[in-house]
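Peer 1: Got a sequence here, can you build the structure:
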Amino acid sequence: MYAMEKITVFVPNYNKQEYISQTLESILMQKTNFKYKILIIDDASTDNSVKIIKEFIKKYPKKIDFIQNEKNLRCLATSIKGYKKIKTEYFCVLDSDDYWVDKNKLQKAIDFLDKHKDFTIYMANNYIKEKSKKLYPYINHESYDFDFNHLEHATFGHTSGTIFRNVIFVNEIPKIVYQAIDTKNEKVYEGDSFRNAIHLERGKAHFENSLESVYRITNNGIWTSLNLFQQGTLNARVYLKMFLYFKRKSNFFLNMSWYFCQKNIDLLTSIDKKNLKKDLSDFKDIFRECLKNKKIKLKFKDKIKLIFFYIFLNLNITNQIKLLSNIRSIYDN
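Peer 2: Below you'll find the predicted structure:
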C-alpha cells in the first residue's frame with residue numbers, strides 16, 4: 001500500500017546554506033491537485049543549513065519530514081536512508097543546490113505517469129546555471145520515448161528534472177547498493193545513472209523538452225569536484241557495474257565503459273602528478289575488468305596505445321611522472 005500523498009520529493013542536504021531556501025521554495029510553489037511530501041535528510045551539515053530547514057518546517061509542518069544524521073554518512077548511505085522512507089506512488093530527488101522553475105512541474109509529470117502505466121520515468125529538460133554565465137538548456141532534443149532495449153538512443157535528463165514511479169525502492173533496496181558503502185563503487189550507486197537504469201528496466205521513459213528546473217554547477221558537487229580523468233574513471237566504472245548488474249544482457253553498458261576507458265588513456269598527460277598514483281590506482285582495476293569482459297577488435301593505432309598503457313602501468317610512480325613529463329614537452333614543442 002502506498003502512502004496517502006502522491007509523491008515524495010527527496011532533498012538530501014550537506015552544507016548548502018546558500019541554496020537550500022531557493023530549493024525548498026521551488027517545491028512549495030508547486031500547484032497540484034494531489035498531496036505531496038518533502039523529505040529532507042541533512043548529512044550532519046556544519047553550516048547554517050539546519051537552521052534554515054527548521055524555519056521552513058515551522059511554516060510547513062505537515063508537508064516536510066526532516067531527518068538529521070548524527071554523523072556524516074556521505075551521499076550513498078544518506079540516499080539509502082531516504083529511499084527506505086519513501087512509501088508514495090512516485091518519488092523524485094532534488095539536490096539542495098538545484099531548483100524548479102515551473103510551478104506545474106509535479107502536476108505535468110504525475111498526469112503523464114498516471115495516464116501511461118507502462119512508463120516508470122518522466123524526464124523534463126532543464127537549464128544549466130554556471131557562475132557568471134547565462135542559463136542554457138541541458139539537452140537539445142525533441143520530446144520522445146525510449147526503453148531499456150534501445151539504450152543507444154536514450155536521452156537521460158538531469159536529476160532535477162526526473163520523476164520515478166516507485167516500483168523498486170518501495171519493496172527493497174538492491175543488496176548491491178548496500179554493499180557499495182565505503183568501497184570504490186560507492187559513487188556508482190549514489191547518482192542518477194544507476195537509479196535511471198534500474199527503473200528503465202521496469203518500464204519506459206518519457207523525455208519532455210520542457211525547461212522545468214535548474215541544475216546549478218558548483219565546484220564542490222559530487223561530479224564537478226572531479227577532474228576530467230576522475231570523471232572518465234567514474235563513468236567507466238558506472239557503466240561496467242551496470243553491465244554486470246543486468247547480467248551482461250545489454251552490451252550498451254560495456255561499450256560505454258570501454259569508450260570512457262579509451263578516453264582516459266588519451267587523458268593521461270593531463271593528470272596532475274600529485275593525483276597520479278591515486279587516479280591510476282582507481283582507473284587500472286576498472287580498465288582491466290572492462291578489457292576482460294569485452295572482446296575487442298582494435299585498429300593498429302589503438303593496439304599501440306594499449307601496449308603503451310600496459311607498459312606505463314608497470315612503471316614505478318617516479319618513472320611514470322618522468323614519462324608523462326617527456327610526452328608533455330613533446331606536445332608543447
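Peer 1: ok, residue 64 - contacts?
Peer 2: Residues near residue 64 by Cβ atoms under 8 Å, 6 or more residues apart in numbering: 37, 38, 39, 40, 53, 56, 57. For every residue, glycine as well, the C-beta is placed using N, CA and C.
Peer 1: In space, what's closest to the fifth one - neighbours in sequence excluded?
Peer 2: So that's residue 53. Distance criterion Cβ to Cβ, 6 or more residues apart in numbering; nearest residue to residue 53, sequence neighbours excluded, is residue 40 at 5.7 Å.
Peer 1: Can you tell me which of the contacts of residue 64 is nearest residue 238?
Peer 2: residue 39 (25.1 Å; Cβ to Cβ).
Peer 1: Show me what that closest one bridges to in the sheet.
Peer 2: Beta-bridge partners of residue 39, counted by DSSP bridges, are residue 10, residue 65.
Peer 1: So for it, what pLDDT did the model give?
Peer 2: Residue 39 carries a pLDDT value of 98.
Peer 1: so what's it up against?
Peer 2: Neighbouring residues of residue 39 by Cβ under 8 Å, 6+ apart: 8, 9, 10, 11, 64, 65, 67, 82, 85, 86.
Peer 1: can you put those residues in TSV and add pLDDT and distance to residue 309?
Peer 2: TSV is the format used below for the contacts of residue 39 (pLDDT from 0 to 100; distance: Cβ to Cβ, whole Å):
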residue	pLDDT	distance to residue 309
8	98	45
9	98	44
10	98	40
11	98	42
64	98	51
65	98	49
67	98	45
82	97	40
85	97	45
86	97	43
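Peer 1: Most neighbours among those, please name it.
Peer 2: Counting neighbours by other Cβ atoms under 10 Å, residue 9 leads the contacts of residue 39 with 28 neighbours.
Peer 1: which residues touch that one?
Peer 2: 27, 36, 37, 38, 39, 91, 92, 94, 106.
Peer 1: Need these in JSON lines (columns: distance to residue 21 and secondary structure).
Peer 2: As requested, the contacts of residue 9 are exported to JSON lines (distance: Cβ to Cβ, whole Å; DSSP: H, G, I helix; E, B strand; the rest coil):
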{"residue": "27", "distance to residue 21": "11", "secondary structure": "helix"}
{"residue": "36", "distance to residue 21": "19", "secondary structure": "strand"}
{"residue": "37", "distance to residue 21": "19", "secondary structure": "strand"}
{"residue": "38", "distance to residue 21": "13", "secondary structure": "strand"}
{"residue": "39", "distance to residue 21": "17", "secondary structure": "strand"}
{"residue": "91", "distance to residue 21": "22", "secondary structure": "strand"}
{"residue": "92", "distance to residue 21": "19", "secondary structure": "strand"}
{"residue": "94", "distance to residue 21": "13", "secondary structure": "coil"}
{"residue": "106", "distance to residue 21": "19", "secondary structure": "helix"}
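Peer 1: tell me the pLDDT at residue 297?
Peer 2: 68.
Peer 1: closest to residue 293 among the contacts of residue 39?
Peer 2: After measuring the contacts of residue 39 against residue 293 - Cβ to Cβ - the closest member comes out as residue 82, at 32.1 Å.
Peer 1: Please, which helix or strand holds that closest one?
Peer 2: Assigned by DSSP states H and E, residue 82 belongs to helix 74-85.
Peer 1: That helix - contacts with which helices or strands?
Peer 2: For helix 74-85, the packing partners by 3 or more Cβ pairs under 8 Å, 6 or more residues apart in numbering; DSSP states H and E come out as strand 7-13, strand 36-42, strand 64-68, helix 175-179, helix 186-190.
Peer 1: what do you get if the cut-off is 6 Å, keeping everything else the same?
Peer 2: strand 36-42, helix 186-190 (3 or more Cβ pairs under 6 Å, 6 or more residues apart in numbering; DSSP states H and E).
Peer 1: so where is the stretch 151-300 of the chain shaky, pLDDT-wise?
Peer 2: Within the stretch 151-300 of the chain, the stretches with pLDDT under 70 are 221, 296-298, 300.
Peer 1: just the helices in it please.
Peer 2: 175-179, 186-190, 192-200, 228-245, 251-266, 276-293, 300-313 (DSSP state H, counting those that start in this stretch).
Peer 1: Could you dump the ones you listed into JSON lines and include distance to residue 137 and mean neighbour count?
Peer 2: JSON lines is the format used below for the helices of the stretch 151-300 of the chain (distance: least, Cβ to Cβ, whole Å; neighbours: other Cβ atoms under 10 Å):
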{"stretch": "helix 175-179", "distance to residue 137": "31", "mean neighbour count": "14"}
{"stretch": "helix 186-190", "distance to residue 137": "26", "mean neighbour count": "22"}
{"stretch": "helix 192-200", "distance to residue 137": "18", "mean neighbour count": "20"}
{"stretch": "helix 228-245", "distance to residue 137": "21", "mean neighbour count": "22"}
{"stretch": "helix 251-266", "distance to residue 137": "23", "mean neighbour count": "19"}
{"stretch": "helix 276-293", "distance to residue 137": "32", "mean neighbour count": "17"}
{"stretch": "helix 300-313", "distance to residue 137": "34", "mean neighbour count": "13"}
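Peer 1: Go through those and name the closest to residue 155.
Peer 2: Nearest to residue 155, of these and by Cβ to Cβ, is helix 192-200 at 10.8 Å.
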